[in-house]
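S.K.: need a 3D model of the following:
(2 chains, ligands or ions: 2)
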Amino acid sequence: MSAAPAAPPPASADPLPPEERYALLLTPPQARSGWRVVPARVAAMCAVELQKLRHDRTELYTRAVQPALWLLIFGETFTRIHAIPTGHVPYLDYLAPGIIAQSAMFIAIFYGIMIIWERDSGVLTKLLVTPTPRAALVTGKAFAAGVKAVIQAVVVIAIAAALGVALTWNPLRLLGVLAVVLLGSAFFSCLSMTIAGIVLTRDRLMGIGQAITMPLFFGSNALYPVSAMPGWLQAVSTANPLSYQVDALRGLLIGTPAHLGTDLAVLVAAAVLGIASAASLLGRLAR
Amino acid sequence: MSPSRHTGGDEPVAAVRCTGLHYAFGSTKAVDGVDLEVEPGEVFGLLGPNGAGKTTTIRAITTLLPVPPGVVGVFGHDAARQRMAVRRLLGYVPQQLSADGSLTGEENVALFARVFDVPRRERAARVAQALDAVGLASAAHRMAATYSGGMVRRLELAQALVSAPRLLILDEPTIGLDPIARDSVWDRITEIRTGTGMTVLVTTHSMEEADQRCDRLALMHRGRIRALGTPAELKAGLTAHRREAGEAEPPPPSLEDVFRHFSGSGLDEPGPDERGEFSDVRRTRRTASRVG
Ligand SMILES: Nc1ncnc2c1ncn2[C@@H]1O[C@H](COP(=O)(O)OP(=O)(O)OP(=O)(O)O)[C@@H](O)[C@H]1O
Ligand SMILES: [Mg+2]
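M.R.: Ligands and ions are numbered 1, 2, ... in the order given. Predicted coordinates for the structure are as follows:
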């Protein structure tokens, strides 16, 4: 081997010999196995998401603008003109859960851009060479997207409460809200990652994202009840996971009659399906 | 120098074993029949001109590219059938610079500690040691986006070392490092190897590095291994070849002479079946501009 360089190693103030200074780097960590892998990877991805949000909070503020406008302008106006039949529920109250779901979806539907960015910057490649099954990586990313969505939901709930919407404060129901928001954004972020795995470039994904968000939003019960829709739109709404998310949120938050069992079942199935399809396409981004 | 590891039986298991590895991108045969055995504990250098297939070989070993079963083994684990087991043994620094600029150096390393299941109570200390090992302790809390190219390279090495890998795979690790940083990175790798018997598989275009730091070398050209041996053996081989060719007293060759001998002509005088290599230069440039 070569002669050691005369220059001292960096940070040579430390007098410890190398075998102590790097003692921990000599033994590999004990591997988690079985069912504990997925929750651990989910936690790792969520931790990264939170760290990023802590470094740069502008996204949180800018993202609060749109839902605030929906509630303030659209909500207040339509409450006044009584154009939408929402029974005895004031329209603003009816709208609030829809806007929670919508704004969470808007975040999730562009999450695939993160994956493409990570591919381009080499970060994804390195993650794919860690003991992380692809499904666990996708699940981790899906819930990391959920972290943002939950924060967004909290913001919208706060705005709605400030506008006088009669929301529940029952902790169990709020826990249900948390689960529904997480599941919904898991599905939509996996949809986005699936598209990312197909189109492979940022620009195409942006285009598709733009093209599908509005149809998903208007083709759901977020703004108006299904009963007020023409038949063909009702069919779209039935096939749209966003409708089930809104239905569950409405039931939980303002107590309108909801089909919680069906809603949760559909959301879980959609999330599982999304994870499976995104995981199977993730390899395309590595090649 | 190489402590052979045994897995139960008496047969020493190769750190890396490739048997008839092929990989094609469309019609480009990037790797065209590579047989390779890296012994446990050694520093194995993969040399070759741009587009020779070094990175593709490495990506096959790291499970990034799909390979058929029985073709690639890492410490006896099949890269097609036992991917998780293979990945758990690996530390990997890709050719492309790859740190997450929106996280601090420490957070970048901590992510890899997490996904390799480092327990929480040990995580901070382990991350600190990895950063210290590459001389980044004082920059640990800065955003990686503010790092220089060489600092990112060292950060990546810390990410690879934090899990105490048995096989460290480095694709041109010292690109962009100043000579002092390069030596200190290699010294750190050597220190860790003395403690763990870690195997290192490295590609490099620096003949000096190959000569001084590698126990054995493979010279790749157009997807195949053209020469294999210790630096001294390779040089002796070329001397013998020159004698046979009629040179009475050939001057002692350098490793670069060996490289030139096996890689044939330079870029400006392409050989008869030269194909595909220029596109790779372009690809590397694109990578460089994206990162820089
Ligand atoms: N993703 C890809 N798509 C298409 N062709 C590729 C791809 N990656 C590599 N190739 C081709 O495969 C061949 C081998 O490339 P590889 O990256 O393995 O070379 P290398 O030896 O690592 O070169 P360098 O020293 O420039 O890094 C080249 O001809 C290259 O153009
Ligand atoms: Mg390469």
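
S.K.: how close does the residue of the stretch 1-150 of chain A with the smallest separation from chain B sit to residue B:219?
M.R.: Relative to chain B, the nearest point of the stretch 1-150 of chain A is residue A:122 (2.6 Å; C-beta to the nearest C-beta). Using the backbone N, CA and C atoms, a C-beta is placed for each residue, glycine as well. The spacing between residue A:122 and residue B:219, counted by C-beta to C-beta, to the nearest Å, is 27 Å.

S.K.: those two: which is more packed in?
M.R.: residue B:219 (24 against 21; other C-beta atoms under 10 Å in any protein chain shown).

S.K.: tell me the bridge partners for the more buried one.
M.R.: With DSSP bridges applied, residue B:219 shows beta-bridge pairing to residue B:47, residue B:227.

S.K.: quick one: contacts for it?
M.R.: B:47-48, B:225-228, B:234, B:258-259, B:262-263 (C-beta atoms under 8 Å, 6 or more residues apart in numbering or on different chains).

S.K.: so where's the stretch 1-150 of chain A uncertain?
M.R.: For the stretch 1-150 of chain A, the stretches flagged by pLDDT under 70 are A:1-15, A:18-19.

S.K.: so which residues on it come close to ligand 1?
M.R.: Counting by C-beta under 6 Å from any ligand atom, no residue of the stretch 1-150 of chain A lies close to ligand 1.

S.K.: not counting residues beside it along the chain, what's closest to the residue of the stretch 1-150 of chain A found nearest ligand 1?
M.R.: Nearest residue of the stretch 1-150 of chain A to ligand 1 (C-beta to the nearest ligand atom) works out as residue A:125 at 11.4 Å. What sits nearest to residue A:125 in space, not counting adjacent residues and going by C-beta to C-beta, 6 or more residues apart in numbering or on different chains, is residue B:94, at 5.6 Å.

S.K.: just the element for the residue nearest the centre of chain B, please.
M.R.: Nearest to the mean C-alpha position of chain B, counting by C-alpha atoms, centre = their mean, stands residue B:202 at 2.5 Å. In the assignment (DSSP states H and E), residue B:202 maps to strand B:199-203.

S.K.: tell me the buried residues in stretch B:93-101?
M.R.: Neighbour counts over stretch B:93-101 (16 or more other C-beta atoms under 10 Å in any protein chain shown) mark B:93-100 as buried.

S.K.: tell me which two in the residues you listed are the farthest apart.
M.R.: Spanning the widest gap among the buried residues of stretch B:93-101 are B:95 and B:100, at 17.4 Å by C-beta to C-beta.

S.K.: check contacts around residue 100.
M.R.: Looking at chain A here, since you left the chain open. A:67, A:152-153, A:156-157, A:177, A:181, A:249, A:253.

S.K.: sorry, should have said chain B
M.R.: A:48, A:118, A:121, A:123, B:107-108, B:111, B:144.

S.K.: cool, residue A:273 as well?
M.R.: By C-beta under 8 Å, 6+ apart, residue A:273 lies in contact with residue A:187.

S.K.: kindly report the same for residue A:234.
M.R.: Contacts of residue A:234 by C-beta under 8 Å, 6+ apart are residue A:226.

S.K.: how about the secondary structure of it?
M.R.: helix (DSSP: H, G, I helix; E, B strand; the rest coil).

S.K.: ok so, going back, okay, and the residue of the stretch 1-150 of chain A closest to ligand 1 sits in which element?
M.R.: helix A:123-127.

S.K.: tell me what that helix is packed against?
M.R.: Using 3 or more C-beta pairs under 8 Å, 6 or more residues apart in numbering or on different chains; DSSP states H and E, the elements in contact with helix A:123-127 are helix A:111-120, helix A:260-286.

S.K.: please identify the most buried of these.
M.R.: With neighbours taken as mean count of other C-beta atoms under 10 Å in any protein chain shown, these reach their highest mean count in helix A:111-120, at a mean of 21.

S.K.: for chain B, what spans make up the helices?
M.R.: Applying DSSP state H to chain B gives helices spanning B:54-61, B:83-88, B:105-115, B:120-133, B:149-161, B:179-196, B:207-213, B:231-244, B:255-263, B:277-291.

S.K.: can I get the ones you listed in a markdown table with mean pLDDT and distance to ligand 2?
M.R.: Below are these laid out as a markdown table (pLDDT from 0 to 100; distance: least, C-beta to the ion, whole Å):
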| stretch | mean pLDDT | distance to ligand 2 |
| --- | --- | --- |
| helix B:54-61 | 96 | 3 |
| helix B:83-88 | 95 | 20 |
| helix B:105-115 | 97 | 22 |
| helix B:120-133 | 94 | 25 |
| helix B:149-161 | 93 | 15 |
| helix B:179-196 | 86 | 18 |
| helix B:207-213 | 93 | 15 |
| helix B:231-244 | 88 | 20 |
| helix B:255-263 | 87 | 14 |
| helix B:277-291 | 42 | 7 |
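
S.K.: quick one: which of the ones you listed is nearest residue B:16?
M.R.: Nearest of the helices of chain B (C-beta to C-beta): helix B:54-61, 5.9 Å.

S.K.: other SSEs contacting that closest one?
M.R.: strand B:16-25, strand B:28-38, strand B:43-47, strand B:72-74, strand B:167-171, strand B:199-203.

S.K.: measure residue B:250 to ligand 1 for me?
M.R.: 28 Å (C-beta to the nearest ligand atom, to the nearest Å).

S.K.: measure how buried that residue is and give me the count.
M.R.: 15.

S.K.: ok, it - contacts?
M.R.: B:239, B:242-243.

S.K.: could you rerun that using 6 Å?
M.R.: B:239, B:242 (C-beta atoms under 6 Å, 6 or more residues apart in numbering or on different chains).

S.K.: low pLDDT regions in the stretch 151-287 of chain A?
M.R.: In the predicted model of the stretch 151-287 of chain A, residues A:287 satisfy pLDDT under 70.

S.K.: right, and chain B sits closest to which residue of it?
M.R.: residue A:286 (5.3 Å).

S.K.: next, the buried residues of stretch B:57-74.
M.R.: For stretch B:57-74, by 16+ other C-beta under 10 Å, it's B:57-65, B:67, B:71-74.

S.K.: does ligand 1 sit close to that stretch?
M.R.: No: counting by C-beta under 6 Å from any ligand atom, ligand 1 is not contacted by stretch B:57-74; separation bottoms out at 6.7 Å.
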